[in-house]
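Asker: Sequence first, predicted coordinates after that:
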Amino acid sequence: MLLTITGQNVRVPEHVKAYATTKVSRLPKYYDNLDRVRVTLRREPAGVATARIVAQGKRKHCFVAEETADNAYGSISRAARDLERQLSRVKKRVRNRKHCRKAAVPWKE
């Protein structure tokens, strides 16, 4: 999984990059087919931080989570939690589709 962490008009410190890496490294636990994850941090004029996490899967699946909080840690944490929820929902849907086939009706003569 390729991970890219960038800042939009802001420099991202190493400790924030390390925090984002630890949060994003848990995502393959929820969905195995992730190719790349892009984290973009932005500081709004009101003093709040916005984190946008875009995860792209192998079969053109794209998952996006964007959250705003008072600091970068909170916004990264909220966005990662939202993305985990999305990924687990998709994984559950795929798993149920594979295992939810009805049994064949027995033939009565």
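Answerer: It's in. Numbering: from 1, shown residues only.
Asker: okay but Arg42 is in contact with Val10, surely?
Answerer: Yes: counting by C-beta atoms under 8 Å, Val10 is a contact partner of Arg42 at 6.7 Å. Bear in mind the C-beta positions are built from the backbone N, C-alpha and C, glycine included.
Asker: Compare the two (neighbour count), which wins?
Answerer: The neighbour comparison of Arg42 against Val10 (other C-beta atoms under 10 Å) goes to Arg42, with 18 against 14.
Asker: pLDDT weak spots in the chain?
Answerer: Residue ranges of the chain with pLDDT under 70: 97-107, 109.
Asker: any chance you could map the strands in it?
Answerer: Assigned by DSSP state E, the strands in the chain fall at 2-8, 34-43, 49-57, 62-69.
Asker: Alpha carbons of the longest one, as PDB, please.
Answerer: To tie it back to what came earlier, the one meant is strand 34-43. Taking C-alpha atoms only, strand 34-43 is exported to PDB below (Å, rounded to 0.1, in the frame of the first residue of the first chain):
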ATOM      1  CA  LEU A  34      -6.100  -1.100  -1.000                       C
ATOM      2  CA  ASP A  35      -3.500   0.100  -3.500                       C
ATOM      3  CA  ARG A  36      -2.800   3.700  -2.300                       C
ATOM      4  CA  VAL A  37      -3.900   6.000   0.400                       C
ATOM      5  CA  ARG A  38      -3.500   9.800   0.200                       C
ATOM      6  CA  VAL A  39      -3.800  12.100   3.300                       C
ATOM      7  CA  THR A  40      -4.200  15.800   2.700                       C
ATOM      8  CA  LEU A  41      -4.000  18.200   5.600                       C
ATOM      9  CA  ARG A  42      -5.300  21.800   5.300                       C
ATOM     10  CA  ARG A  43      -5.500  24.700   7.800                       C
END
